[in-house]
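> fold the following for me, if possible:
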Amino acid sequence: RIDASTGSLSTVYEVPPWSKAEWLVGGPGESFFLMVDGGLLHVAADGTTSTWSPGPVAGSPVAYSHDGRMIAISGDGTALIELHPDGSWTTLLPGLTAVYDVVVASDGTIYVSDFPAEELIELSPDGSSRVVTAIAPDNTDLAVDGDDNLYLNNAAVGFNRVDVATGALTPVVAPAAPCR
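Numbering: from 1, shown residues only. Predicted coordinates:
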């Protein structure tokens, strides 16, 4: 954990040396999820852990939504899935080329960068999807700030705020509010 006021670091959870840890995903409050040895642990702010899903986990967890959904990229990178604590999953958006990044807004809207397809895709809570804008054929990082503004960053266009209604990109130096 990083103390923003002092810049000091402290260990919240230490992965056992014999374990393989991957994919760190922010959770509710100050907690987080960590994929360890194929299962998914929930690590509370005080360092206590509980098994969220014993595994094997079907894909790479990338985002935890405000309504408690664990969003992941399928193992082959061609679908967006929702992971369930019992190890099962539900396909949310199939037919993607290769997902690079995923973020979830506070209303449950999911944004996906599918970089070989050169598309930024919106998946609404009702299950409908649409292309928000074309993106440069590059790895595209996404972020949503505290006001639910969407940002994208890649080498071709730099750091931009995305108008999700029109798809217009506006270059910015820094987001308006802290990103999650």
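
> which intervals of this structure have sub-threshold pLDDT?
Within the chain, the ranges that satisfy pLDDT under 70 run 1, 56-59, 61, 174-180.

> now the spatially closest residue to Gly26 that is not a sequence neighbour, which residues is it bridged with?
Distances taken as CB to CB, 6 or more residues apart in numbering place Phe32 nearest to Gly26, at 5.4 Å, with adjacent residues excluded. From N, CA and C alone the C-beta is placed, and that goes for glycine too. Assessed by DSSP bridges, Phe32 has beta-bridge partners Gly26, Val43.

> ok, Phe32 to Thr49 distance?
Separation of Phe32 from Thr49 (CB to CB, to the nearest Å): 10 Å.

> looking at those two, which one has more neighbours?
When neighbours are counted by other CB atoms under 10 Å, Phe32 comes out ahead of the other of Phe32 and Thr49, with 19 against 13.

> tell me the contacts of the more buried one?
Neighbouring residues of Phe32 by CB atoms under 8 Å, 6 or more residues apart in numbering: 12, 24-26, 42-43.

> quick check: it vs Thr133, distance?
30 Å.

> same question for Val104.
Distance, Val104 to Thr133, by CB to CB: 18 Å.

> burial of Thr78, as a residue count?
Using other CB under 10 Å, Thr78 has 15 neighbouring residues.

> now it. Nearest residue, chain neighbours left out?
Nearest non-adjacent residue to Thr78, counting by CB to CB, 6+ apart: Leu96, 5.1 Å away.

> mind checking how far the one you found is from Ala155?
According to CB to CB, Leu96 stands 21 Å off from Ala155.

> more crowded one of the two?
Comparing Leu96 with Ala155 by neighbour count (other CB under 10 Å), the higher total belongs to Leu96, at 20 against 9.

> which neighbours do Phe32 and Thr49 have in common?
Common neighbours of Phe32 and Thr49, using CB under 8 Å, 6+ apart, are 42-43.

> next, count neighbours for Ile121.
21.

> next one: Ser129
Ser129 has 16 neighbouring residues, counting by other CB under 10 Å.

> could you do the one 3 residues further on as well?
By the measure other CB under 10 Å, the count of residues near Val132 is 21.

> likewise Gly95?
When neighbours are counted by other CB under 10 Å, Gly95 registers 11.
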